[in-house]
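Asker: Quick one: sequence and predicted model below, then my questions.
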Amino acid sequence: MSISSCNSSKTASATTPEHLKTQTLGQTENVIEKVLYGDWFITRAGNLDLASTGSAMPIMSFGESQEQNPYLVNYSAYDGCNYNNGTYSVTPNGQMKLAGHPIATMKFCGDSPYEVGVVSGISSVASYNIDKQGDTYMLYLKNAAGETTLVLRKSNIDFINGAWTATLINGVSVPQSAEIELVIDVPQKSIHGNAGCNMLNGKVSVDNNSGSAIHFSDLITTRMTCPNIDIEQSLLNALATVTSVRPGSTSETAQLLNSEGNTVVELSRLDLK
């Protein structure tokens, strides 16, 4: 994929082993914002297939830089142990390289076998291309020798990031007086906010092999009591059963589903600003 001031056609390559038509995205206006921006699961680092490790998947997110320069793209990556943040310079003909020095946490983890490969791939990027396989986008980051160092699959649940209130819990309407405010952050693997009475903190996990899978765990609240405590308990019980998410009827709504495919929580987006 590369950037220019004009459009060019997409070219199709051979079908994948799953018999899905593959398109390599060519030069297209606004392709950074429309395709590259968002969350991507890192599925391969060097020769290591991360999907086979059974561990939480590293994730990489791309977004607009503070300079609002279309050729500068901010990134944030979780490598299975530490977080890495920086900026890439993206130029025509699919070139990509670090702009400035990245910032990374320095936590030691003895159980992250792919950390070195992910960090090496992030720092050695010289070019990239994006394929569309069926409805799935695949991103390939390459080093100066043209070797693919990282393979990423775009997350299909970017829409769930942000602030939400619960409008329905197991089909029962939630009164506005409950003042539920939940902030879901998939890249940071966290959920926090006000559960209706107490402050809530918990973990978010996703499955890279399923475009809609999401789980909430280790949900911890403060211990106050108030008139909406029953609503809060219903919410916590429902969140513990969630296995997937899907967009609602509008871009400002979402539905959390259990393993049987039933909607247990309906959400409406909030603007906390």
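Answerer: Great, that's in hand. Residues are numbered from 1 along each chain as shown.
Asker: so R223 makes contact with C197?
Answerer: No - between R223 and C197 there is no contact under Cβ atoms under 8 Å: 9.8 Å. C-betas here are computed from N, CA, C, even on glycine.
Asker: How much space separates the nearest residue to L36 once chain neighbours are set aside from D271?
Answerer: In space, and not counting its chain neighbours, L36 is closest to F62: 5.1 Å by Cβ to Cβ, 6 or more residues apart in numbering. The span separating F62 from D271 equals 23 Å under the rule Cβ to Cβ, to the nearest Å.
Asker: the more surrounded of those two?
Answerer: F62 (22 against 7; other Cβ atoms under 10 Å).
Asker: so what does the helix or strand hosting that one touch, helix or strand wise?
Answerer: Element membership for F62, per DSSP states H and E: strand 59-64. Contact analysis of strand 59-64 by 3 or more Cβ pairs under 8 Å, 6 or more residues apart in numbering; DSSP states H and E lists strand 38-45, strand 72-78 as its packing neighbours.
Asker: C-terminal to the first one, what's the next element?
Answerer: Okay, so that is strand 38-45. strand 48-49.
Asker: Averaged pLDDT, that following strand. What do you get?
Answerer: Averaging pLDDT along strand 48-49 gives 87.
Asker: Distance from the chain centre to that strand, please.
Answerer: 20 Å (Cα atoms, centre = their mean, to the nearest Å).
Asker: Which of R223 and C197 has more residues huddled nearby?
Answerer: Under the neighbour definition other Cβ under 10 Å, R223 and C197 were set side by side, and C197 has more, 23 against 6.
Asker: Pop out the phi and psi values for the more buried one.
Answerer: Backbone torsions of C197, given as degrees, to the nearest 10, read phi -140, psi -50.
Asker: Distance check, it against S217.
Answerer: 21 Å.
Asker: what does I103 give?
Answerer: Separation of I103 from S217 (Cβ to Cβ): 28 Å.
Asker: Looking at these two, which has the bigger crowd around it?
Answerer: Neighbour count, other Cβ under 10 Å: between I103 and S217, S217 has more, with 13 against 10.
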